[in-house]
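Engineer: Everything below, folded, please.
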Amino acid sequence: MRFEFKSADGFSFLEAFLEPGEDGTGRRWDGVRTKTRLSNLRVLFDYEVDSIHPDLLGLICLNLFFPYMRSEVEFPMPVSQRLQDAFRLPRFTQEKELVFRNVSADVPEYSGTRIANSFGGGFDSTAIRQMFPEAYVIHEGKIRDGEIVPSHTVNVVDELGDDNGRVVYSNSRNITESGGWPTWPCCTNTSLLMATDLDIGTIFIGQHLGSTYLLQGTRFWDRSRARRWHGSTGNCWQSAFEAVGIPLISPVAGMTDLQTMALSRKFFARDEVVCCYRANGRECHECPKCFRRDLMRSLLSEDVSIDWDRYDNQRVHRNVELRPLRYAYTYATMLMAAPERMPQWLLDRLHDIEPVQTAWTMKLFTQCFEDIPRPWRELVEERVSASVESMTPAEIAELRAFDQTLGLHG
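Structural biologist: Purely as a prediction, here's the structure:
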């Protein structure tokens, strides 16, 4: 695969060109690994760069098109050996062994001093706003079929002003037939695009404990052991970012979204938190995502009244009936702390889910700091530890033993 990049007149364009042996098909890099096909090889951003480091541009190319590359890749400008080495980690090479055609020893290592908050608008990235108010907020607005997709988060970021945040519109979520980003690090592409101009030295993402240490909330995953094939951070993509000088850090990796919701109360009260965009850019109050959000709200705020009848539908039912149950700790916490606040149709579908025994779902798993590279570790540990109480040994033991997959395959 070969790439070209140009930036002018308020826009940046990245275009991919398929080469012999490439047909534009691949598997999305997410938990499900669904098959996808490219429908658009040209990605636009409504931001014109003054300068962009070659390795950061290379990361954007890889974030967007890695699933569809076959054996070789040529970037818009030569990249460093550091980027090539980062994609020779065992977790990447078990997928494919890519040859970077234009590697140069003259590419200096990237570095910056500021923090970017790659802002999705939900509780996780909003909790980062609470703990790191100095972080520059960058949100990707969605373009579909040439039209801007409504999103209340765009309004939230626009109101911050250019000195504190920026919305960058892009069609990157719609370059495949099925829609959605091809890899999860695509959420950082707008931050990578602006990083050189803004002196960004690290990108913060809202990836909570359920996604980092609990494999979508189903069972514990020891990232420290995974370093053997995922690199220094325990995640191959984050290790690649670190290798080229712009660490990709989740300050909320050691807490569940129950805790990030608790940290976001101030912003929720100001109508600055959005978790679903199905109703013209706002919450639909009918889908599984809205359902779990309201379930957590009912747990954290006794005075909240939820219309559970809106969620008594087949889509929510199917989601709750799946086994292993995704983010089961939410339901297990409700069963322990407030089963009386759940509707009977939900309780009937949770008969096999055991309540949690300790308060670990509302505490901090401090091992998360071991996966943060220096010099950012000290700052993150100081801010996060001041905001959330740490787990006790008994709570850590229950977290490590958490497993919703037991007995499903035997």
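Engineer: Please enumerate the helices of the stretch 251-400 of the chain.
Structural biologist: Along the stretch 251-400 of the chain, the segments classed as helices by DSSP state H, counting those that start in this stretch run 257-263, 265-269, 288-300, 314-321, 328-337, 344-349, 377-387, 393-401.
Engineer: If you could redo that for the stretch 101-250 of the chain, that was the one I meant.
Structural biologist: So, for the stretch 101-250 of the chain - with DSSP H, counting those that start in this stretch - the helices run 123-131, 152-158, 189-198, 209-212, 223-230, 236-243.
Engineer: do you know which of the ones you listed lies nearest residue 281?
Structural biologist: Ranking those by proximity to residue 281 (Cβ to Cβ) places helix 152-158 first, at 5.0 Å. Where you see a C-beta, it was placed from the backbone N, CA and C, and this is true even at glycine.
Engineer: Now that closest one: buried residues?
Structural biologist: The neighbour-count check on helix 152-158 (16 or more other Cβ atoms under 10 Å) flags 152, 153, 154, 156, 157 as buried.
Engineer: The last one reaches residue 139, doesn't it?
Structural biologist: This points to residue 157. Yes. Residue 157 lies in contact with residue 139 (Cβ atoms under 8 Å); the separation is 4.6 Å.
Engineer: Overlap of the contact sets of these two?
Structural biologist: Residues touching both residue 157 and residue 139 by Cβ atoms under 8 Å, 6 or more residues apart in numbering: 119, 165, 166, 167.
Engineer: picking up where we left off before, okay, the helices of the stretch 251-400 of the chain in CSV with mean pLDDT and distance to residue 132 next?
Structural biologist: Formatted as CSV, these follow (pLDDT from 0 to 100; distance: least, Cβ to Cβ, whole Å):
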stretch, mean pLDDT, distance to residue 132
helix 257-263, 97, 11
helix 265-269, 94, 13
helix 288-300, 96, 22
helix 314-321, 98, 32
helix 328-337, 97, 25
helix 344-349, 98, 35
helix 377-387, 98, 6
helix 393-401, 98, 25
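Engineer: Ok, which of those helices comes nearest residue 185?
Structural biologist: Among the helices of the stretch 251-400 of the chain, the nearest to residue 185 by Cβ to Cβ is helix 377-387 (18.8 Å).
Engineer: which residues touch the residue lying closest to residue 172 once chain neighbours are set aside?
Structural biologist: Leaving aside its sequence neighbours, residue 172 sits nearest to residue 43 (Cβ to Cβ, 6 or more residues apart in numbering; 5.1 Å). Residue 43 makes contact with 13, 14, 15, 64, 170, 171, 172, 175, according to Cβ under 8 Å, 6+ apart.
Engineer: Which pair of the residues you listed spans the longest distance?
Structural biologist: 15 and 170 (13.6 Å).
Engineer: Low-confidence regions, the stretch 1-150 of the chain specifically.
Structural biologist: Under the criterion of pLDDT under 70, none of the stretch 1-150 of the chain is flagged as low confidence.
Engineer: now the strands for it?
Structural biologist: Taking DSSP state E, counting those that start in this stretch as the test, the strands found in the stretch 1-150 of the chain are 2-8, 11-17, 25-27, 35-37, 42-45, 72-73, 99-100, 114-118, 136-144, 147-148.
Engineer: Out of those, flag the one nearest residue 278.
Structural biologist: Here strand 136-144 is closest among those (Cβ to Cβ), at 12.8 Å.
Engineer: What residues of the closest one count as buried?
Structural biologist: 136, 137, 138, 139, 140, 141, 142, 143.
Engineer: Quick one: the strands of the stretch 1-150 of the chain as JSON lines, columns for distance to residue 388 too.
Structural biologist: Formatted as JSON lines, the strands of the stretch 1-150 of the chain follow (distance: least, Cβ to Cβ, whole Å):
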{"stretch": "strand 2-8", "distance to residue 388": "40"}
{"stretch": "strand 11-17", "distance to residue 388": "38"}
{"stretch": "strand 25-27", "distance to residue 388": "35"}
{"stretch": "strand 35-37", "distance to residue 388": "37"}
{"stretch": "strand 42-45", "distance to residue 388": "35"}
{"stretch": "strand 72-73", "distance to residue 388": "41"}
{"stretch": "strand 99-100", "distance to residue 388": "41"}
{"stretch": "strand 114-118", "distance to residue 388": "18"}
{"stretch": "strand 136-144", "distance to residue 388": "21"}
{"stretch": "strand 147-148", "distance to residue 388": "36"}
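Engineer: Looking at those strands, which is nearest to residue 86?
Structural biologist: Comparing the strands of the stretch 1-150 of the chain by Cβ to Cβ, strand 99-100 comes nearest, at 10.3 Å.
Engineer: If you count contacts, what does that closest one end up packed against?
Structural biologist: strand 72-73 (3 or more Cβ pairs under 8 Å, 6 or more residues apart in numbering; DSSP states H and E).
Engineer: now what about the strand it packs on, what contacts it?
Structural biologist: Residues contacting strand 72-73 (Cβ under 8 Å, 6+ apart): 1, 2, 3, 19, 61, 62, 98, 99, 100, 101.
Engineer: Please list only the buried members of those residues.
Structural biologist: By 16+ other Cβ under 10 Å, the contacts of strand 72-73 give 1, 2, 3, 61, 62, 98, 100 as buried.
Engineer: Now flag whichever of the residues you listed is closest to residue 242.
Structural biologist: residue 62 (14.5 Å).
Engineer: For that closest one, which non-adjacent residue is closest in space?
Structural biologist: Sequence neighbours aside, residue 87 is the residue nearest to residue 62 in space, at 6.9 Å (criterion: Cβ to Cβ, 6+ apart).
Engineer: and that neighbour, how many neighbours?
Structural biologist: Under the neighbour criterion other Cβ atoms under 10 Å, residue 87 is assigned a count of 25.
Engineer: doesn't residue 96 make contact with it?
Structural biologist: No. Between residue 87 and residue 96 there is no contact under Cβ under 8 Å: 9.3 Å.
Engineer: what's the pLDDT at the nearest residue to residue 335 once chain neighbours are set aside?
Structural biologist: Among residues not flanking residue 335 along the chain, residue 355 sits closest, at 3.9 Å (Cβ to Cβ, 6+ apart). As summarised for this prediction, residue 355 has a pLDDT of 96.
Engineer: Before I go, just wanted to say thanks for your time.
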